[in-house]
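> The sequence isn't on hand, but the structure is:
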């Protein structure tokens, strides 16, 4: 810790010593003055020796190796701090006696990169920074982050000053994370391919079953009794439910694989929202749930993927109605967030979500209402897919909930997407 207050005495030597002591308070320098019997030249020599000693102590205590290199009498001279022995096992004397030892211990696979990057530093005199592997005396590979500056002395002669510190543990951690990330990405791709293939295989026979059920219900050749019609209706309804589930699985697989693009168009946000809310109101009214819609007049036309926008809204509204008891309220609020984004808020007075369940909310195949006492249908795909569709269009989705009181979903979307490049909404790094 530097002492902020340094006594200023008339004696310049005392002031210099006080300043030195403020930087290294653990060592007490002798008090010197013009009246101590020591001559001026002796004082300067003494101060220089002490300054050098203090500087050496500072350098040796750093958890890094520092060095200086310069040319003198046609020969490259090198100074290296003692910490280099901790890093690579060679003493500072060994490095000084062999100025190219560092290059000999540089990993062969890193030499070409070093040559290219360091030559740019020499030619441009810009600071050099890089991570390189070195071979220690005991055979270890040590990653060192080095920083070098090219400086010039009073005569214009160049010299280099730099430092290096051990980042081996950091590199090992980065490699572990990379391998884990690659493994997760491979697993995600395998899962997506499996879901996609399986879903396609299920669609064909399911469409046939639904088609025959519909044909038999509408056929006039051999009229069915009410019980038979009820059975066929059950078959058709169940098939339709399975088909929606398969469509969700396929969509989720496409989004995760980064294969789902955007079909952008300019459309009326109000018309799209009212279209979806009208279809949901029919279901809500049967359960005596009031759906309240309020759209800011500032939200007019937007440029998004209209079908995916409607799917986002439909999923959130269906979820809100499903988890709201009879007599409850579901509110839709749409208002601008800023000049380029708008908020879509879905708020219900439903059962709410426990705080410990919130982290699992947007994970695929996660059904919070699970177990033998499960009351609500669902595959656990809806919110995972919704999140993917929101992020695919450059938006964000968040949730706030109080168990037993209700839940609020906030979707923030851009008013206009100018880039129709497909985006991968699921990132294995996040």
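Everything's here; your move. Note that this is a predicted model, so its numbers are computed, not measured.
> Would you check how far apart residue 389 and residue 312 are?
According to C-beta to C-beta, to the nearest Å, residue 389 stands 5 Å off from residue 312. Every residue, glycine included, has its C-beta placed from N, CA and C.
> Who has more neighbours out of the two?
residue 312 (28 against 25; other C-beta atoms under 10 Å).
> Surely that one forms part of a strand?
No - looking at residue 312 with DSSP: H, G, I helix; E, B strand; the rest coil, it is helix, so not inside a strand.
> State the pLDDT value of it.
The model reports residue 312 with a pLDDT of 92.
> ditto for residue 182
88.
> For this structure, which element, helix or strand, carries the lowest mean pLDDT?
helix 12-23 (a mean of 41; mean pLDDT, DSSP states H and E).
> okay, now the domains of the protein?
Using automatic domain parsing, the domains assigned to the chain come out as 1-61, 172-256, 264-364+381-414.
> could you dump those domains to JSON lines with distance to residue 128?
Converted to JSON lines, the domains of the chain look like this (distance: least, C-beta to C-beta, whole Å):
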{"stretch": "domain 1-61", "distance to residue 128": "20"}
{"stretch": "domain 172-256", "distance to residue 128": "21"}
{"stretch": "domain 264-364+381-414", "distance to residue 128": "38"}
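> Please identify the deepest-packed of the ones you listed.
Using mean count of other C-beta atoms under 10 Å, the stretch among the domains of the chain with the largest mean neighbour count is domain 264-364+381-414, at a mean of 17.
> now the helices for the stretch 101-250 of the chain?
101-105, 111-124, 168-218, 226-256 (DSSP state H, counting those that start in this stretch).
> Output the below-cut-off pLDDT ranges for the stretch 151-300 of the chain.
The model of the stretch 151-300 of the chain has pLDDT under 70 over residues 195-196, 199, 220-221, 256-259.
> 90 - rerun?
Judged by pLDDT under 90, the stretch 151-300 of the chain has its weakly predicted residues at 151-165, 181-263, 278-287.
> quick one, which of the helices of the stretch 101-250 of the chain is nearest to residue 141?
When the helices of the stretch 101-250 of the chain are compared by C-beta to C-beta, helix 168-218 sits nearest residue 141, at 7.6 Å.
> now for the closest one, which elements pack on it?
If contacts are counted by 3 or more C-beta pairs under 8 Å, 6 or more residues apart in numbering; DSSP states H and E, helix 168-218 sits against strand 141-152, helix 226-256.
> Can you give the distance of stretch 191-201 from its chain's centre?
28 Å (C-alpha atoms, centre = their mean, to the nearest Å).
> Could you do stretch 70-90 as well?
Using C-alpha atoms, centre = their mean, the offset of stretch 70-90 from its chain centre is 41 Å.
> Need the contact partners of it.
Stretch 70-90 is contacted from outside by 59-60, 62-69, 91-92, 95-96, 99, 101, 105, 134-138, 142, 144, 153, 157-160, 164, 166, using C-beta atoms under 8 Å, 6 or more residues apart in numbering.
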